[in-house]
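Engineer: this is a predicted model, with the sequence first.
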Amino acid sequence: KQTGYTALDYGFVNTSATRSAITYIDGDAGILRYRGYPIEQVAANSTFLEVAWLLIYGELPTPDELQGFDERIRRHTLLHEDMRRFFDALPHDAHPMSVLSSAVSALSTYYQNSLSVRDPEQVELSMIRLLAKLPVIAAYAHKKSLGQAFLYPDNSLSFVDNFLRLNFGTLAEPYEVNPVLSKALDRLLILHEDHEQNASTSTVRMVGSTEANVFASISAGINALYGPLHGGANEAVLGMLARIRDSGDSVAQYVERVKNKEDGIRLMGFGHRVYKNYDPRAKLVKESANEVLADLGVKDPLLDIAMELEQIALDDDYFKERKLYPNVDFYTGVIYKAMGFPPRMFTVLFAIGRLPGWLAHWRELNQDPATKIGRPQQLYTGAAERDWPQR
Ligand code: CMC
C-alpha cells in the first residue's frame with residue numbers, strides 16, 4: 001500500500017483534470033454545446049471562424065470583431081519562403097499528419113521573439129499565425145504527395161475557399177470554388193472545433209501546463225490526434241469500408257468478425273468514451289453526407305456499405321449492450337472522399353477543424369490561476385528495494 005496516492009484510473013475514465021467553461025457534453029443524452037449553444041444551432045447558423053472566436057473568447061463576435069479577426073487571419077497566411085522549402089526534405093509519401101506536426105513545430109523557429117506565454121499580445125499573434133498557416137501547411141503536404149507545385153494563398157478568398165483552392169487549384173488554370181463543397185467543408189470543420197477533454201486537447205493542456213509555447217503545444221496535440229482510436233479513425237473508417245467491399249464478405253459477416261474480436265478488429269467510427277447514445281455530430285454529418293454526395297452528383301458504394309453497417313450494428317445486441325453508436329468519424333471520410341481528398345488527408349482536416357478548440361483550451365489553461373503543471377501519479381508495481389549484486 002502506498003500512502004498519499006489516489007485511486008488508479010486507467011484512461012482517466014473517472015478523473016477530471018481541470019475545470020473548463022468551453023464545451024458541455026452530456027454523453028447519455030447525446031448533447032453537445034459550444035459555450036452553451038447547442039451544436040445543431042451552431043452548425044446551422046455560423047461559420048468556422050465565428051465559432052473559433054466564440055470558443056476562444058467565450059462570446060459571439062460582433063460583426064466588427066469578426067471582420068477584424070477574419071482580416072487578421074488573411075494577412076498571416078503566407079509561410080516564410082524558407083519554410084516552403086521545409087517540405088523538400090520530406091519524402092513524397094510522408095503521412096501528412098507527420099508533416100503537419102513537424103511543420104507546426106518548425107514554424108515556431110521563425111517566431112522566436114514572439115513565443116512568450118506571458119505576453120497576451122504575443123500569444124494572440126501566435127494563435128492568429130496558427131489559424132492562418134495550418135491550412136496552408138496542410139495543403140502543401142497534400143500537394144507534395146501529388147507532386148504538384150504549391151500555390152500561394154489568395155487572401156481575397158474566405159478561409160475555407162482559400163484552403164480548397166490551395167488543395168485543388170493548379171498553376172495551370174484558374175480555380176473556381178464550388179459553393180456546395182465550401183459550405184459542406186465549413187460545416188464539417190465547425191463540428192470538429194471542440195470536444196472538451198479528448199486525448200489531443202488533454203495533450204495540448206498537458207504540454208501547455210509546462211509553459212511550453214503555443215506552437216509546441218499544438219504540435220503535440222496533432223500527434224495525439226494522429227492515432228486511429230482518435231482522429232485517425234476517419235481514415236481508418238474508409239480503409240475498413242474499402243476492405244469490406246473488396247473482401248467479398250457481406251457486411252453482416254464483417255460485423256460477426258468484429259463481435260468475435262478477430263485479430264482485435266473494431267468497428268472504426270463506432271463507440272465513444274463519453275457518448276453512450278448517438279453522437280450528435282454524427283447525426284449532422286450523416287445528413288451532410290447524403291446532401292453533399294447528391295449535390296456533387298457522386299454515387300459511392302462505400303456510403304451504401306456504411307449505411308448497411310450502421311443499421312446492422314444498431315440492431316445487434318453486442319453493440320446495444322455496449323452502447324456503441326456511430327461517432328463523428330463514421331461518415332466524414334465518405335464526404336471528404338467525394339470532395340476529392342485522399343484518405344491520408346482526412347485526419348489533417350480534423351486537425352484544422354480542432355485547432356480553435358485546442359487554442360481555446362490553451363488560453364483557458366494559461367488564464368486559470370488554479371493551473372498547475374500536469375503531473376499524474378502512478379501506482380508503482382516494480383521490485384521492492386534490493387541490493388546491487390556484489391560481483
Ligand atoms: N467496435 C467494436 N467493439 C468496440 C468498439 C468498436 N468500435 N468500441 C468499443 N468496443 C467494445 C470493446 O471491445 C469493449 O468490449 P468488452 O467489454 O467486451 O471488452 C467495450 O466496447 C468498451 O470498450 P472500451 O475500449 O473500454 O471503450 P473506450 O471508451 O475506452 O473507447 C473508443 C472508446 C472510441 C476508443 C472505442 O470505442 C474505439 O476504439 N472506437 C473505434 C475508434 C474510433 O472510432 N475512434 C473515434 C472516436 S470519436 C472521434 C475522436 O474523438 O477522435
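Structural biologist: Okay, I see it. Computed from a prediction, not measured in an experiment: that's the story for all the values here.
Engineer: going forward, measure contacts and count neighbours with C-alpha atoms only.
Structural biologist: Fine.
Engineer: phi, psi of the residue in the stretch 101-250 of the chain positioned nearest to the ligand?
Structural biologist: With CA to the nearest ligand atom as the measure, H230 is the residue of the stretch 101-250 of the chain nearest to the ligand, at 3.2 Å. The phi/psi pair for H230 (degrees, to the nearest 10) reads phi -120, psi -120.
Engineer: which SSE is L134 in?
Structural biologist: Assigning secondary structure by DSSP states H and E places L134 in helix 120-146.
Engineer: doesn't T201 make contact with the residue of the stretch 101-250 of the chain closest to the ligand?
Structural biologist: No. Under the criterion of CA atoms under 8 Å, H230 is not in contact with T201, lying 11.1 Å apart.
Engineer: with neighbour numbers in mind, choose between these two.
Structural biologist: For H230 versus T201, the count of surrounding residues by other CA atoms under 10 Å is larger for T201: 28 against 17.
Engineer: contact partners for the nearest residue to the more buried one once chain neighbours are set aside?
Structural biologist: Distances taken as CA to CA, 6 or more residues apart in numbering place W358 nearest to T201, at 5.6 Å, with adjacent residues excluded. With CA atoms under 8 Å, 6 or more residues apart in numbering as the criterion, the residues that contact W358 are 194, 201, 204, 218, 221.
Engineer: format those as a markdown table; extra columns: distance to H272 and pLDDT.
Structural biologist: Rendered in a markdown table, the data for those read as follows (distance: CA to CA, whole Å; pLDDT from 0 to 100):
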| residue | distance to H272 | pLDDT |
| --- | --- | --- |
| D194 | 15 | 98 |
| T201 | 16 | 98 |
| V204 | 20 | 98 |
| I218 | 23 | 98 |
| G221 | 19 | 98 |
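Engineer: nearest spatial neighbour of G147, chain-adjacent residues omitted?
Structural biologist: Distances taken as CA to CA, 6+ apart place H92 nearest to G147, at 7.3 Å, with adjacent residues excluded.
Engineer: any idea how far the ligand is from that neighbour?
Structural biologist: Counting by CA to the nearest ligand atom, to the nearest Å, the gap between H92 and the ligand amounts to 26 Å.
Engineer: tell me which residues touch that residue, please.
Structural biologist: Contacts for H92 were tallied using CA under 8 Å, 6+ apart; they are 144-147.
Engineer: and R386, how far from R257?
Structural biologist: 48 Å (CA to CA, to the nearest Å).
Engineer: those two - which one has more neighbours?
Structural biologist: In terms of neighbours (other CA under 10 Å), R257 is the more surrounded of R386 and R257; the figures are 16 against 6.
Engineer: mind telling me what element the more buried one is part of?
Structural biologist: Here R257 is covered by helix 251-259, with elements defined by DSSP H and E.
Engineer: list the buried ones in that helix?
Structural biologist: Taking 16 or more other CA atoms under 10 Å as the basis for neighbour counts, the residues of helix 251-259 that come out buried are 251, 254-255, 257-259.
Engineer: that older thread, apart from its neighbours in sequence, what residue is nearest the residue of the stretch 101-250 of the chain closest to the ligand?
Structural biologist: Closest residue in space to H230, ignoring its immediate chain neighbours: A199 at 7.3 Å, by CA to CA, 6+ apart.
Engineer: could you double-check that that neighbour lies in contact with L225?
Structural biologist: Yes. Shown here, A199 and L225 form a contact pair, counting by CA under 8 Å, at 7.2 Å.
Engineer: neighbour count winner among these two?
Structural biologist: Between A199 and L225, counting by other CA under 10 Å, L225 is the more crowded of the two (25 against 18).
Engineer: OK, contacts around the more buried one?
Structural biologist: For L225, the contact set (CA under 8 Å, 6+ apart) comprises 199-200, 231-232, 347, 351.
Engineer: quick check: which element contains it?
Structural biologist: Secondary structure assigned from DSSP H and E places L225 in helix 214-226.
Engineer: L49 now?
Structural biologist: When secondary structure is defined using DSSP H and E, the element that contains L49 is helix 48-57.
Engineer: and R33, by the same measure?
Structural biologist: Counting by DSSP H and E, the element that carries R33 is strand 31-34.
Engineer: what's the burial count for the closest residue in space to I222 that isn't next to it in sequence?
Structural biologist: If you skip the residues right next to it in sequence, I222 has S101 as its closest partner in space, 5.7 Å away by CA to CA, 6+ apart. When counting by other CA under 10 Å, one arrives at 26 neighbours for S101.
Engineer: returning to what we had before: pairing partners for the strand holding R33, with directions?
Structural biologist: Within its sheet, strand 31-34 is paired with strand 23-26 (antiparallel), strand 37-38 (antiparallel), according to DSSP bridges.
Engineer: quick one: it to chain centroid distance?
Structural biologist: Taking the mean C-alpha point of strand 31-34 and that of its whole chain, the gap between them comes to 17 Å (CA atoms, centre = their mean, to the nearest Å).
Engineer: cool, and stretch 51-69?
Structural biologist: When C-alpha coordinates are averaged (CA atoms, centre = their mean), stretch 51-69 and its chain have centres 21 Å apart.
Engineer: hmm, who's touching it?
Structural biologist: Under the criterion CA under 8 Å, 6+ apart, residues 22, 34-35, 42, 49-50, 190, 193-194, 356-357, 359-361, 363 lie in contact with stretch 51-69.
Engineer: can you name the two of those residues that sit furthest apart?
Structural biologist: The most widely separated members of the contacts of stretch 51-69 are V42 and R363, with 21.7 Å between them, by CA to CA.
Engineer: neighbour count for these two, which is higher?
Structural biologist: A direct count of neighbours by other CA under 10 Å for V42 and R363 places R363 higher, at 21 against 18.
Engineer: do you know how far that one is from the ligand?
Structural biologist: 21 Å.
Engineer: hang on, the earlier thing: and the helix holding R257, how far from the chain's centre?
Structural biologist: What separates the centre of helix 251-259 from the centre of its chain is 28 Å, taken as CA atoms, centre = their mean.
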